[in-house]
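Undergrad: Sequence first, predicted coordinates after that:
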Amino acid sequence: MTSRKAPVHLLFGPDPFLLREAAHALVGPGVEAREVAAEEWRGGELADLATPSLFGEARALIVTDCRALPDQAVRELDAYLAHPDPSALLVLCATVAERAKAPAALAKLVEPVGTVREVALSRKDLPGWLVRRAASGGLELAPDGAAALVESVGEEPAALAQALEQLGSAFPGERLGREQVERQFRGLGERHVWDLCDAAFGHDAAGAMRALRTLLAAREDPLKVLGGIASRLRDLLRVRSLAERMPLAEVARAAGLRFEWQARRYREQARRTSLERLVELHGAVVEADRALKSGADAEIVLPVLVARIAAAEA
């Protein structure tokens, strides 16, 4: 064991957005980190860290979703960590279930030479996190505004970060309180449709039905709900048709998505369903649209459609 820890970090937690942000926070200013998804590991990714730089520039490698690392990658990590470069940063990010520990095999490799750290936020920590994030971006977010954002947008850090950016653009130079949040995010319908789509395409039938009941009880426009489902389905069809090993940044650009975390999530959802099944569901959405516009009862049409989407493929 070395007497001084090397710049090797294993970050673990339930939210990939927070993990990636924590990883980039470890990278010093002026350092361009290479980022590799575990599923895209080809071999040799650690070569740049193990080889001294001719010009002395700092080097960094971030590996995301490390629970998906192939055996070859683990062997390469084992060899590198036997003699890690003290001037090169290596950050491994592992997404785990809430309150779960770091992957044992990776922790065993990293602990003797580096650090293992959990990255997580509880619901009660989200408002404070938002206030600090706003301040670092030159925005003034009031505590009641932060609480209202969580109430309006939900508890997903990536969605909250996006909402904060949107709020700052909508009210430049203003102190952002509950009033501004409610003006920007009134109705909550879009958020609930998002939750509905996440649950349905994640084959969580019970969660999808709960989200749908919330929307129907709030008297959201059934065609708006159906439009949200159709939009998600079109995104999944685009993502499903792309090469499996295409980097996430390219997936986002090719599919017309704004963020890499969307590409990652949609790729995970698309993997659960064959392209043929997605095309079949698109036909079901068209049928539901025709039925609603012909006067059919939304409380019958939409639950049938959502149940069909959420059902596991045979």
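TA: Perfect, thanks for sending it.
Undergrad: Helix or strand next in line after the strand or helix carrying residue 251, which one?
TA: Per DSSP states H and E: residue 251 is located in helix 248-255. Next along the chain after helix 248-255, taking DSSP H and E as the criterion, comes helix 260-271.
Undergrad: which parts of that following helix are buried?
TA: Buried residues in helix 260-271, defined by neighbour count with 16 or more other C-beta atoms under 10 Å: 260-267, 269-270. (Glycine included, C-beta is placed from N, CA and C.)
Undergrad: Over to stretch 107-121?
TA: Judged by neighbour count (16+ other C-beta under 10 Å), stretch 107-121 contains these buried residues: 109-111, 113-114, 116, 118-119, 121.
Undergrad: now swap in stretch 34-50 and tell me
TA: Here stretch 34-50 shows 35-38, 40-41, 45-46, 49 as buried, counting by 16+ other C-beta under 10 Å.
Undergrad: what's next to that stretch, contact-wise?
TA: With contact meaning C-beta atoms under 8 Å, 6 or more residues apart in numbering, stretch 34-50 is reached by 59-70, 72-73, 76-77, 80, 84-85, 88, 90, 245, 247-248.
Undergrad: how about the CA coordinates for that stretch, as PDB?
TA: This file holds the C-alpha atoms of stretch 34-50, laid out as PDB (Å, rounded to 0.1, in the frame of the first residue of the first chain):
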ATOM      1  CA  ARG A  34     -11.400  12.200 -21.500                       C
ATOM      2  CA  GLU A  35     -14.700  10.600 -20.700                       C
ATOM      3  CA  VAL A  36     -15.600   7.000 -21.500                       C
ATOM      4  CA  ALA A  37     -18.800   5.000 -20.800                       C
ATOM      5  CA  ALA A  38     -18.000   1.600 -19.400                       C
ATOM      6  CA  GLU A  39     -20.100  -0.100 -22.100                       C
ATOM      7  CA  GLU A  40     -18.000   1.600 -24.800                       C
ATOM      8  CA  TRP A  41     -14.600   0.300 -23.300                       C
ATOM      9  CA  ARG A  42     -12.400  -1.000 -26.100                       C
ATOM     10  CA  GLY A  43      -9.200  -1.600 -24.300                       C
ATOM     11  CA  GLY A  44      -6.200   0.600 -23.900                       C
ATOM     12  CA  GLU A  45      -8.100   3.500 -22.400                       C
ATOM     13  CA  LEU A  46      -5.600   3.700 -19.500                       C
ATOM     14  CA  ALA A  47      -2.600   3.900 -21.800                       C
ATOM     15  CA  ASP A  48      -2.600   7.700 -21.800                       C
ATOM     16  CA  LEU A  49      -2.500   7.800 -18.000                       C
ATOM     17  CA  ALA A  50       0.300   5.200 -17.700                       C
END
